[in-house]
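Q: Need coordinates for the below:
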Amino acid sequence: MTTAQPSKGLSISLWIAQVILAALFGMTGSTKLLQPISELAATLPWAATMPEGMVRFIGLSELLGAIGILLPSMLRRLPMLSVAAAGGLVIVQLLAAIFHATRGEFPMIGMNVILAAIAAFVAWGRATRARIQAR
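A: Residues are numbered from 1 along each chain as shown. The predicted structure is shown next:
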C-alpha cells in the first residue's frame, strides 16, 4: 500500500511549529525548573503562590514536552512520541488557561490559546497528514 506524500509546505510548516514550540517550552520549562522561586516570581507572580514542587513539575513537564516534540521526529526514532508530546503540550496549555481564568488573569490566556493551537496543529499534522517514518 502506498501513501500520498504530504505537501512540502505542510511539512515545512510542521517543522517550523515544532522548532518554535521546542524553543519556547525549552526556555520556559528550564526556567521554571532551575531558577529560584524568588527570582521566578518577579516575572511570573503566580509562582510565589504555588507550592515549589508544583512549579518545578510544570517546568519539568514543559521541558520534556520540548524535547519530545522535536527529538523523536528529528532522529526518526519512535516519531509518534512527537505526536504524544504535542498532545501533552495542548493539555498543559489548556490547564494553564483554566488556572489563569480562575485567578482573573484573562490577558494571559491568549498566549495559552495560541500555543495550544500550534501544538494541536503539530499533533494533527504528524499523526495524519505528514507522518514521519521511523528508521
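
Q: Rounded mean pLDDT for the longest helix seen in the chain, please.
A: In terms of residue count, the longest helix belonging to the chain (DSSP state H) is helix 8-34. Taken as a whole, helix 8-34 has a mean pLDDT of 97.

Q: I'd like the numbering to begin with 40 instead of 1 from here.
A: Sure, I'll start counting at 40 from here, so that last one is helix 47-73.

Q: what packs against it?
A: Counting contacts by 3 or more Cβ pairs under 8 Å, 6 or more residues apart in numbering; DSSP states H and E, helix 47-73 packs against helix 91-114, helix 119-141, helix 148-163. All C-beta spots, glycine's among them, are computed from the backbone N, C-alpha and C.

Q: helices or strands next to the second one in the packing?
A: With contacts taken as 3+ Cβ pairs under 8 Å, 6+ apart, helix 119-141 sits against helix 47-73, helix 91-114, helix 148-163.

Q: Dump the ones you listed to JSON lines, plus distance to Gln172 and mean neighbour count.
A: Shown next, in JSON lines, are those (distance: least, Cβ to Cβ, whole Å; neighbours: other Cβ atoms under 10 Å):
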{"stretch": "helix 47-73", "distance to Gln172": "12", "mean neighbour count": "17"}
{"stretch": "helix 91-114", "distance to Gln172": "11", "mean neighbour count": "19"}
{"stretch": "helix 148-163", "distance to Gln172": "17", "mean neighbour count": "18"}
